[in-house]
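A.B. asks: make a model of this:
(chains A, B, C and D)
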There are 2 protein chains.
Amino acid sequence: MAESRLPVSVNSRPQEIDLGPLSDFIGFALRNAQEASFRAFARRVETAGLKPGQFAALMVIHHNPGLTQMDLAQAIARDKSTVTPLIQDLQRLDLIERKPSEQDRRRNTLRLTPAGERALAGLMTHAEAHDRRLDAIVGEHKALFLSLLKRVNAEL
Amino acid sequence: MAESRLPVSVNSRPQEIDLGPLSDFIGFALRNAQEASFRAFARRVETAGLKPGQFAALMVIHHNPGLTQMDLAQAIARDKSTVTPLIQDLQRLDLIERKPSEQDRRRNTLRLTPAGERALAGLMTHAEAHDRRLDAIVGEHKALFLSLLKRVNAEL
DNA sequence: TATTGTTATACTCTATAACTATA
DNA sequence: TATAGTTATAGAGTATAACAATA
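C.D. replies: Predicted coordinates:
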């Protein structure tokens, strides 16, 4: 009696699992989509021996040569204690260089090395390929999709 | 000379940090939006002493009484070894009950207890409030936004 | 006193692999 | 042999707090 309401066929494999209202919650869909996107991108960049977070850091440093670790932390929305090991790894790989600021010796200024520029260029190829796949999925709605995502981030 | 290209004002606080193409990558926006949404929701449900993942599990169990741990793992896209501690916590809180299946004694069937039903009802209030906030942000585009998120998850 | 960056530490969430018990 | 669930363990990715150096 108790098991007569089982959503699985008697004695065998499950049928459909009903997610209930979960399937129409934006938050749940957001989590699943982000996970899928992140994993697909991680697979790509790891062929270059790097991680998504390192790619983002290289990109920001490239576009803001001389920025400090605090600047970077703010840009990627991470604590400074998260940034330290991230950039230490990049420095060990000779992709960035750190130099104490002359105006304020507490600060480290960050720049890509030539190898860092080359690595970033290679990663851009992957990132663009990844984004083209996402573009194909969202199609004509890309601009709207992007702006909705940004609004969720900004307003929540 | 070297620091003349600094994106920060001389001797003082950073100006704008330029994210470069990052700001138009769907993957990056997806990560930021998901993080914002997750944190906002986590803050809500923790007032009820629970976590987002536990809410999702309660919801799925409610809608599929008698399902097994493997069924649940598949539904929320997690490994069975991730599900074990999740449901152990819920059982310790007396929110669910586990009973070995009569057809196959390897399997545990899961159901909410009355306290679990009450907890879920309380959480639904939070979830709906959270989703109403998201609704307000995406406005008229909710259906489209949701379907795009689902497509990203399905096709990537 | 306040800020930059480092370190020690810990927490969350997740998975892999080896195991038990059942099938 | 294969599957359901548990356990031990590890690894990302993150943050908090205390600290040294500098402002």
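A.B. asks: hey, let's count contacts and neighbours off CA atoms from now on
C.D. replies: Will do.
A.B. asks: who's in contact with the most centrally placed residue in chain A?
C.D. replies: The centroid of chain A falls nearest to residue A:52 when counting by CA atoms, centre = their mean (5.3 Å). Taking CA atoms under 8 Å, 6 or more residues apart in numbering or on different chains, we find residue A:52 in contact with A:38, A:41, A:42, A:45.
A.B. asks: among those, which lie within strands?
C.D. replies: Of the contacts of residue A:52, none are assigned to strands by DSSP state E.
A.B. asks: among those residues, which ones lie close to DNA strand D?
C.D. replies: Of the residues in these, proximity to DNA strand D by CA under 7 Å from any atom of the strand holds for none.
A.B. asks: show me which of those residues is closest to DNA strand D.
C.D. replies: residue A:42 (7.6 Å; CA to the nearest atom of the strand).
A.B. asks: all strands of chain A, in order?
C.D. replies: Under DSSP E, chain A gives strands at A:67-68, A:96-100, A:108-112.
A.B. asks: which among these is found nearest to chain B?
C.D. replies: strand A:67-68 (6.5 Å; CA to the nearest CA).
A.B. asks: what is the closest one packed up against?
C.D. replies: For strand A:67-68, the elements it packs on are strand A:108-112, judged by 3 or more CA pairs under 8 Å, 6 or more residues apart in numbering or on different chains; DSSP states H and E.
A.B. asks: residue A:82 and residue A:53: what is the separation?
C.D. replies: The gap separating residue A:82 from residue A:53 is 11 Å, by CA to CA, to the nearest Å.
A.B. asks: which residue ranges of chain A form helices?
C.D. replies: A:26-46, A:52-63, A:69-75, A:80-92, A:114-138, A:142-155 (DSSP state H).
A.B. asks: mind putting these into a markdown table with mean pLDDT?
C.D. replies: Formatted as a markdown table, these follow (pLDDT from 0 to 100):
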| stretch | mean pLDDT |
| --- | --- |
| helix A:26-46 | 95 |
| helix A:52-63 | 97 |
| helix A:69-75 | 98 |
| helix A:80-92 | 98 |
| helix A:114-138 | 95 |
| helix A:142-155 | 96 |
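A.B. asks: which residues are in contact with residue A:114?
C.D. replies: Here residue A:114 is in contact with residue A:95 (criterion: CA under 8 Å, 6+ apart).
A.B. asks: quick one: it and DNA strand C, what's the gap?
C.D. replies: As judged by CA to the nearest atom of the strand, to the nearest Å, residue A:114 and DNA strand C stand 21 Å apart.
A.B. asks: where does the nearest residue to residue A:115 once chain neighbours are set aside land on pLDDT?
C.D. replies: Spatial nearest neighbour of residue A:115, chain neighbours left out: residue A:95 (5.5 Å); criterion: CA to CA, 6 or more residues apart in numbering or on different chains. Turning to residue A:95, the model gives it a pLDDT of 98.
A.B. asks: enumerate the residues of chain A near DNA strand C.
C.D. replies: Residues of chain A lying near DNA strand C (CA under 7 Å from any atom of the strand): A:68-71, A:80-85, A:88, A:106-109.
A.B. asks: in ChimeraX, select just the buried ones from these.
C.D. replies: Only the buried entries of those go into this ChimeraX selection, using 16 or more other CA atoms under 10 Å in any protein chain shown:
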select /A:68,69,70,71,83,107,108,109
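A.B. asks: backbone dihedrals for residue A:64, both of them.
C.D. replies: phi -140, psi 60 (degrees, to the nearest 10).
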